[in-house]
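A.B. asks: Let's see this in three dimensions:
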Amino acid sequence: MTHDELQQLLGAYAVDAVDAEEAGAVAEHLATCPACRAEVSDLREVAGLLSNTGADAPPAVWDRISASLSEPQPPLRFASARRARQWTPRLAVLAAAAVIVVFGVAVMRLNGDLDHLRNQQNAGAVAAAASDALARHDSRIARLTGADGSSAVAVVRADGRGYFLGASLPALDHHVYQLWAASPAGTISSLGTVPGPGTYAFAADPSAKQIMVTIEQAPVARPTGTPVLTGVLT
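C.D. replies: The predicted structure follows:
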C-alpha cells in the first residue's frame, strides 16, 4: 500500500476497525513513520477522552464536522469486484469508524478543546476521589468559613491525601487562593494554590490540625494577609 492509502486507514485502525491484513500493514508502516504514529495516538486519546468524560462536545466541533463533510470530495475510483466483495460486509463498521475519525480530527483541530476534555476528565477523577475521602471513617473534615459568609470544605485522609472543595468560592481576577495547614505546634505550611472555584487535591501532614485559605497575587512562602477562610480538622 502507498503512504496515502495507509494514512486513510489510520482512523479505522485507531478504533480496531480494520482486518488482520490491514492491521499488519498499518503497524509495519507506523514503525517507520513518526507522523502517522502521532496521529494514531491522538485519535485514540480523543476517543478515550470522549468515552470517559460523558460531556457534550464543544459546539464548534459540529461546525467543523459540517464544513468537512461539505468540502468537495475527490473523484470516485471503482475497486475491483473482488475488492468490493471484501469491503461490503465491513461498510457499517468503517462508517462508524469514519464518524469517530472525523469527530476526533475536528476536536483536535479546535485550539484548546482537547486540553479542555483532559481537564474535564481530571476534574471528574479528583471529584470522585474527594467524595470517597469524605465517606471514609478515617478521614478528617474541616468546614471552612469566612467573615463574608463564604464557605468551603477540606478533607484529609489518614495517609495525608487531601481535597479542597470550594465550588461556591468567588472567582478571582489576577489572584489565587493559597491553602495552608497548621500543625498542632502552630507551624504553618503551604498546601499549594488553586485558581478559583472547584475541587482540588493536595498533600498534607496527616497531623495537620487546621486548614486556612488566603488570597495572594502569586504563590508565597508565608501568608501575606488574614485568612479569608479557616476551619479545624476533626
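A.B. asks: can you give me the strands for this protein?
C.D. replies: Taking DSSP state E as the criterion, the chain contains strands spanning 140-145, 151-156, 161-165, 176-182, 188-194, 199-203, 210-216, 229-232.
A.B. asks: Can you point out the buried residues in the second one?
C.D. replies: Under the neighbour-count criterion of 16 or more other C-beta atoms under 10 Å, strand 151-156 has 152-156 buried. C-betas here are computed from N, CA, C, even on glycine.
A.B. asks: Poorly predicted segments of this structure, please.
C.D. replies: Applying pLDDT under 70 to the chain flags residues 45-121.
A.B. asks: Outline the domain layout of it.
C.D. replies: 3-110, 136-232 (automatic domain parsing).
A.B. asks: was I right about residue 213 contacting residue 176?
C.D. replies: No - contact between residue 213 and residue 176 fails when scored by C-beta atoms under 8 Å: they sit 10.3 Å apart.
A.B. asks: more crowded one of those two?
C.D. replies: Legend: neighbour count by other C-beta atoms under 10 Å for residue 213 and residue 176, higher for residue 213 (26 against 18).
A.B. asks: Distance-wise, check the more buried one relative to residue 135.
C.D. replies: 23 Å (C-beta to C-beta, to the nearest Å).
A.B. asks: With residue 211 instead?
C.D. replies: For residue 211, the distance to residue 135 - C-beta to C-beta - is 19 Å.
A.B. asks: of the two, who's got more company?
C.D. replies: residue 211 (30 against 9).
A.B. asks: mind listing the helices for the protein?
C.D. replies: 3-8, 10-14, 20-30, 34-53, 59-70, 81-87, 91-109, 113-135 (DSSP state H).
A.B. asks: of all the strands of the chain, which lies closest to residue 125?
C.D. replies: strand 199-203 (9.1 Å; C-beta to C-beta).
A.B. asks: Report the strands that pair with the closest one, each with its relative direction.
C.D. replies: Strand 199-203 has the following strand partners under DSSP bridges: strand 161-165 (antiparallel).
A.B. asks: All set now, cheers.
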